[in-house]
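A.B. asks: How does the following fold in three dimensions:
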Amino acid sequence: MRRRVVVTGMSVITPVGVGTDATWAALVAGRSGAAPITSFDAARFDARIACEVKDWDATRYLSSKRVKELDRFSEFAVVAAEMAIADSNLEIAEADEARAGCIVGVTIGGLQTIERTTRKIDEKGPGRVSPYVIPAVCGNLAAGQISIQHRLKGPSFSVTSACATGAHAIGEAAEWIRRGRADVMIAGGTEAVITEVGIGGFQAMRALSRRNDDPAAASRPFDRQRDGFVCGEGAGIVVLESEERARRRGARVHAELSGYGASSDAFHMCQPEPDGEGSARSMRMALEDAALVPDDISYVNAHATSTPLGDLAEVRGIARVFGERAVQGRLPVSSTKSMTGHMLGAAGAVELIVSILALEHSLLPPTINAHDVDVGFALDVVPHAVRESRGRHALSNSFGFGGTNATLIASRWD
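C.D. replies: Sure, this is the predicted structure:
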């Protein structure tokens, strides 16, 4: 018999707040995290705005020695994991360490460290390269650092699946518990690519919004005037436990992770399958995994990044799965990327946590900047302002380059 998996701890670090409470308050208020880039001089770039984590100083949370070992993406993950574990009141006895693991993914890894090191070699020579460079840039070192700190001796690795990374990491971590091979998993996603290479690369693909004169209005999922995503950064981490373990220790449960689906468009390196068939398969798989039907879902947190092709493909996929209920505007579907920007590898994890918060607070976060919803979308995108709604099951989509799709379903735990 498959074991049930519950979320007993969670935390986020986002462009609108450090910590779950701060982020949720900003989302409920409809506050954008977009602003002119401060982490480097973006004057030469066509896209000069981003959703940065504001005033980030890792030494507020970690020792200076520890910070030397970490790239920014790992800083976010390690600190978010600390907060999630504290939220869970999790303690792992020595005898249980081998049944506790960590899967935390990242899309790109340590761009900041790579760029800084390249400049140092050019200016001062290779003899000045830090011995921490390679460990800092390795994608699995976010999970590795968390595992070392908390003595998690079960599986420890990174999932990398572009912008679906965080969702895949959580889904795969849940599978370890369901199969009875782990009892506790720390899981999620992280990202920090607001650098010259990161912004330059996405700019070259014409993926980024160039609405530099009005950053707060730049990320506009579903809107007819959308012109690309706003790059974000941060992390989202959850503590997953088997239902039995959580009950045994009297843990507070935020939600059940009831469904997980994954599929591939098998269509194009960067563009989604236009008719949404691949994303629909991921959603249907998650529904089947959760033993639910489409009418059971009360809210969808969409992947919707504010790109012309991506938003349209997802809307078509949602229409395939939810039918008339979606296209007649009876299913709330919002994109919190309108406020956080696109956090890439962290997005799926953060948005699952947002979906859980929506269930806990009986509030639906809005899609801001949806002033002129694209003709043919016909969805209820929860425009502009938060809405009260008590539901039992929320679905969160995450899609990425290579046609990879992941869907998670969170269910209210009464």
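
A.B. asks: pLDDT below threshold where in the protein?
C.D. replies: Within the chain, no stretch has pLDDT under 70.

A.B. asks: the domain parsing of the protein - what is it?
C.D. replies: Domain ranges of the chain: 5-248, 263-404, per automatic domain parsing.

A.B. asks: who wins for proximity to residue 414 among those domains?
C.D. replies: domain 263-404 (8.7 Å; Cβ to Cβ). No exception for glycine: its C-beta is placed from N, CA and C like everyone else's.

A.B. asks: Let me know the secondary structure of the residue nearest to the spatial centre of the chain.
C.D. replies: In the chain, the residue lying closest to the centroid (Cα atoms, centre = their mean) is residue 347, at 2.0 Å. What DSSP: H, G, I helix; E, B strand; the rest coil gives for residue 347 is helix.

A.B. asks: Start from the N-terminal end of the stretch 301-414 of the chain and give the strands.
C.D. replies: Assigned by DSSP state E, counting those that start in this stretch, the strands in the stretch 301-414 of the chain fall at 333-334, 363-364, 387-388, 393-400, 404-411.

A.B. asks: These: which one's closest to residue 137?
C.D. replies: Across the strands of the stretch 301-414 of the chain, closest to residue 137 is strand 393-400 (Cβ to Cβ), at 20.3 Å.

A.B. asks: okay, the angle between the closest one and strand 404-411?
C.D. replies: Angle of strand 393-400 versus strand 404-411, following axes from the mean of the first three to the mean of the last three Cα atoms, to 10 degrees, is 160 degrees.

A.B. asks: looking just at contacts, which helices and strands does strand 393-400 meet?
C.D. replies: Counting contacts by 3 or more Cβ pairs under 8 Å, 6 or more residues apart in numbering; DSSP states H and E, strand 393-400 is packed against helix 165-178, helix 277-289, strand 299-301, helix 308-322, helix 347-361, strand 404-411.

A.B. asks: Switch these over to CSV; also include distance to residue 249.
C.D. replies: Listed next are those as CSV, based on distance: least, Cβ to Cβ, whole Å:
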stretch, distance to residue 249
helix 165-178, 15
helix 277-289, 26
strand 299-301, 29
helix 308-322, 37
helix 347-361, 20
strand 404-411, 21
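
A.B. asks: if we can go back for a sec, now the strands of the stretch 301-414 of the chain as CSV including mean neighbour count and distance to residue 197?
C.D. replies: As requested, the strands of the stretch 301-414 of the chain are exported to CSV (neighbours: other Cβ atoms under 10 Å; distance: least, Cβ to Cβ, whole Å):
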stretch, mean neighbour count, distance to residue 197
strand 333-334, 28, 31
strand 363-364, 22, 36
strand 387-388, 12, 39
strand 393-400, 28, 19
strand 404-411, 28, 22
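
A.B. asks: The longest helix along the chain: how far from the chain's middle?
C.D. replies: In the chain, assigned by DSSP state H, the helix with the most residues is helix 72-88. Put simply, helix 72-88 sits 14 Å off its chain's centre (Cα atoms, centre = their mean, to the nearest Å).

A.B. asks: which non-adjacent residue is nearest residue 28?
C.D. replies: Leaving out its chain neighbours, the residue that sits closest to residue 28 by Cβ to Cβ, 6 or more residues apart in numbering is residue 386, at 4.8 Å.

A.B. asks: Alpha carbons of stretch 385-395, as CSV, please.
C.D. replies: What follows is stretch 385-395, C-alpha atoms only, in CSV (Å, rounded to 0.1, in the frame of the first residue of the first chain):
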residue,chain,number,x,y,z
ALA,A,385,-6.9,41.5,-6.1
VAL,A,386,-7.0,38.6,-3.7
ARG,A,387,-10.2,36.6,-3.4
GLU,A,388,-11.8,34.5,-0.7
SER,A,389,-12.3,30.9,-1.6
ARG,A,390,-12.4,27.8,0.5
GLY,A,391,-11.3,24.8,-1.5
ARG,A,392,-9.8,21.4,-0.8
HIS,A,393,-7.4,20.7,-3.6
ALA,A,394,-5.0,23.1,-5.5
LEU,A,395,-3.0,22.2,-8.6
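
A.B. asks: Distance from that stretch to the middle of the chain?
C.D. replies: 19 Å.

A.B. asks: The closest residue to residue 16 other than its chain neighbours: helix or strand, and which one exactly?
C.D. replies: Take residue 16 and drop its neighbours on the chain: the residue closest to it by Cβ to Cβ, 6+ apart is residue 26, 3.6 Å away. Of the helices and strands defined by DSSP states H and E, residue 26 is found in helix 20-29.

A.B. asks: contacts for that helix?
C.D. replies: If you take Cβ atoms under 8 Å, 6 or more residues apart in numbering as the criterion, helix 20-29 is touched by 10-12, 14, 16-17, 33, 83, 87, 336, 339-340, 350, 353-354, 357, 361, 363, 365-366, 386.

A.B. asks: cutoff 6 Å now
C.D. replies: 11-12, 14, 16-17, 336, 339, 357, 365, 386 (Cβ atoms under 6 Å, 6 or more residues apart in numbering).
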